[in-house]
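Enquirer: model this:
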Amino acid sequence: MSAHPSDQVLHAPAVGGSRADTTSTVRSWLTTVDHKRIGILYGASAFAFFLLGGIEALVIRLQLAVPDNTLVSAHTYNELFTMHGTTMIFLAIMPFNAMFFNFMVPLLIGARDVAFPRLNALSYWIFLAGGLLLNASWLAGTPPDVGWFGYANLT
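Expert: Numbers count the residues shown, from 1 in each chain. This next block holds a predicted model:
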């Protein structure tokens, strides 16, 4: 007696906590073209940059807490001010928008995915590389230091 293939239930073998399973999970996140996963990546990265911008703001406020404070130099203060504004606008707030657009819009309009999923994934990785490169300028000792002149409306 042969059963119809649709009547059979296939069960994958349980592989609990193996190294290969972890590696494939990380690789699946690094190579994903799923709009929901890309939205989550944007959200996680934006939150990390938001925390970094908050730390920069904290140092700025600590410098201003006491008159004639010497926590950071005037040059470093300008660098912190510029990097805080750039980080909060371009690396936190705008990517939070991208998170919601990537995650929600295809679901709301009933689409299976975005029009160009690989291009969508590439845009995330370019955003992340740009944000990391911008913050690597701290390690090189040459962060931007234009103060208020780096404000988006004035540039």
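Enquirer: C-alpha from now on. contacts and neighbour counts both.
Expert: Noted.
Enquirer: going on from the helix-or-strand element of the chain with minimal mean pLDDT, what's the next piece of helix or strand?
Expert: One helix or strand of the chain scores below all others by mean pLDDT, DSSP states H and E: helix 19-30, with a mean of 75. Sequence order places helix 35-64 as the next helix or strand after helix 19-30, per DSSP states H and E.
Enquirer: Run the chain-centre distance for that next one.
Expert: Remark: helix 35-64 is offset 8 Å from the chain centroid, using C-alpha atoms, centre = their mean, to the nearest Å.
Enquirer: elements contacting the following helix or strand past that helix?
Expert: Later in the chain than helix 35-64, the nearest helix or strand by DSSP H and E is helix 74-88. Helices and strands touching helix 74-88, by 3 or more C-alpha pairs under 8 Å, 6 or more residues apart in numbering; DSSP states H and E, are helix 35-64.
Enquirer: Which strands or helices does the helix it packs on pack on?
Expert: helix 74-88, helix 94-109, helix 117-140.
Enquirer: Could I get the buried residue list for it?
Expert: 35-47, 49-50, 52-53, 56-57, 59-60, 63 (16 or more other C-alpha atoms under 10 Å).
Enquirer: That helix relative to helix 117-140, how many degrees between them?
Expert: Note on geometry: by axes from the mean of the first three to the mean of the last three C-alpha atoms, to 10 degrees, helix 35-64 and helix 117-140 are set 20 degrees apart in direction.
Enquirer: Find me the pLDDT at the residue nearest the centre of the chain, would you?
Expert: Closest to where the C-alpha atoms of the chain average out (C-alpha atoms, centre = their mean) is residue 45, at 2.0 Å. Residue 45 carries a pLDDT value of 97.
Enquirer: ok, now how distant is it from residue 102?
Expert: Residue 45 is 14 Å from residue 102, where distance means C-alpha to C-alpha, to the nearest Å.
Enquirer: Which neighbours do those two have in common?
Expert: Residues touching both residue 45 and residue 102 (C-alpha atoms under 8 Å, 6 or more residues apart in numbering): there are none.
Enquirer: Could you list the low-pLDDT ranges of this structure?
Expert: 1-23, 150-155 (pLDDT under 70).
Enquirer: Kindly recompute the last result at 90.
Expert: 1-27, 85, 106-108, 110-115, 141, 144-155 (pLDDT under 90).
Enquirer: Please work out how many residues are found near residue 110.
Expert: 9 (other C-alpha atoms under 10 Å).
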